[in-house]
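Novice: need coordinates for the following:
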Amino acid sequence: YRVEEAKRRLLDPQTRHHKILAVGFEVGFRSKAAFNRIFKLKTGVTPSEFRARATGGGQAGQTAAPPPD
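Specialist: Alright, predicted model coming up:
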């Protein structure tokens, strides 16, 4: 649940200006390491990679992350 909520917040126009670490804390993670580890385990990318790909900041040849559920 926390990762899905983090994905939503990373892309939501109302909260996407929040720092990535702040989003992790907002959804209940207690450390940057835990947030990054669990997020990557569940999605295959780090939170910063997810946001960059979804907002067009990914590297050429990469596809954007799917929209949140």
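Novice: by residue count, what's the longest helix in the protein?
Specialist: The longest helix of the chain (DSSP state H) is helix 32-43.
Novice: state the mean pLDDT of it.
Specialist: Averaging pLDDT along helix 32-43 yields 97.
Novice: same for it, what does it pack against?
Specialist: Packing partners of helix 32-43 (3 or more CB pairs under 8 Å, 6 or more residues apart in numbering; DSSP states H and E): helix 2-11, helix 20-26, helix 47-54. C-beta: built from backbone N, CA, C; applies to glycine.
Novice: give me the residue at the spatial middle of the protein.
Specialist: P47 (3.4 Å; CA atoms, centre = their mean).
Novice: who's in contact with stretch 25-35?
Specialist: Surrounding stretch 25-35, the residues in contact under the criterion CB atoms under 8 Å, 6 or more residues apart in numbering are 2, 5-6, 9, 18, 21, 24, 38, 47.
Novice: follow-up on the earlier one: could you export the helices and strands packed on helix 32-43 as CSV, including mean pLDDT and distance to A34?
Specialist: Shown next, in CSV, are the helices and strands packed on helix 32-43 (pLDDT from 0 to 100; distance: least, CB to CB, whole Å):
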stretch, mean pLDDT, distance to A34
helix 2-11, 95, 10
helix 20-26, 96, 8
helix 47-54, 93, 12
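Novice: noted, bye for now.
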